[in-house]
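In: Starting from these lines, generate the structure:
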Amino acid sequence: MFFVKLASSLLTEVAEQMHDNMNHSTQKSIKRLSVATLIIGGITLAYLYWEMIAQLWVDSYIYPLTWNPDIKGWQIFILAARFIGITALFILCCIFLYRTNKGLADGEIFPKSNISLIRWTALVAGLLAFVHSNYAAVVKGESQLTLDSNTILVPLIVLLFAGLYKMAYLAAQDSKLAI
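Out: Residues are numbered from 1 along each chain as shown. Predicted coordinates:
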């Protein structure tokens, strides 16, 4: 009987240690992926900033900004919305990755706070899709308003992911209660 108890406790310890090692390797992988995402996102953000600054103040740039006095307010709105939108999207991504890594360290796979963050990201993504569809005309100084399918489709896809994330969060909560 003593031998069975000893073997059982050793097997339990080995199983827990394997589970901890697996969790540790998963956390490590997600941290590396998060760092890579932030580096690529940061480079993209820096490039977009450089492009906007060059269009505004460098006359020899490939596509310099042409100011049109009739639509100057519209041009300023689109330029400001692009600057603020890409900055907000990068910040939301940073917050999402931070909360995800913190949640994994605390043993929570899907932090609940990320659900609302993804929904806010849908709003920002919709704004950026709208800005992107009008940006080329604004840079050329043309007076046109474009509304393409991405303006509606991109936020709906992000909202779909928010719903899937919420379902995963609820499934993880049910799993914790079952154990």
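In: Now stretch 76-89: buried residues?
Out: 78-79, 81-82, 85-86, 88-89 (16 or more other Cβ atoms under 10 Å). Every C-beta, even on glycine, is put in place using the N, C-alpha and C of the backbone.
In: Out of those, which comes closest to L156?
Out: Among the buried residues of stretch 76-89, L89 lies closest to L156 (Cβ to Cβ), at 16.7 Å.
In: The closest one and R82: what is the separation?
Out: As judged by Cβ to Cβ, to the nearest Å, L89 and R82 stand 11 Å apart.
In: As a markdown table, the buried residues of stretch 76-89 with distance to I39 and secondary structure would be great.
Out: Formatted as a markdown table, those follow (distance: Cβ to Cβ, whole Å; DSSP: H, G, I helix; E, B strand; the rest coil):
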| residue | distance to I39 | secondary structure |
| --- | --- | --- |
| I78 | 28 | helix |
| L79 | 26 | helix |
| A81 | 26 | helix |
| R82 | 22 | helix |
| G85 | 21 | helix |
| I86 | 16 | helix |
| A88 | 19 | helix |
| L89 | 16 | helix |
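In: does R119 really touch L159, like I thought?
Out: Yes - if you go by Cβ atoms under 8 Å, R119 and L159 touch, sitting 6.7 Å apart.
In: On the three-state scheme, S175 is what?
Out: Under DSSP: H, G, I helix; E, B strand; the rest coil, the three-state class of S175 is helix.
In: In terms of pLDDT, where does the residue lying closest to W67 once chain neighbours are set aside sit?
Out: Spatial nearest neighbour of W67, excluding adjacent residues (Cβ to Cβ, 6 or more residues apart in numbering): G141 at 6.4 Å. Listed pLDDT for G141 reads 92.
In: again with V124
Out: pLDDT at V124 comes out at 97.
In: in this protein, what spans have low per-residue confidence?
Out: 1-23, 178-179 (pLDDT under 70).
In: now the helices for it?
Out: 2-57, 72-105, 113-140, 150-178 (DSSP state H).
In: and the ones you listed, which is most packed in?
Out: Each of these was given a mean neighbour count from mean count of other Cβ atoms under 10 Å, and the largest, a mean of 18, is that of helix 113-140.
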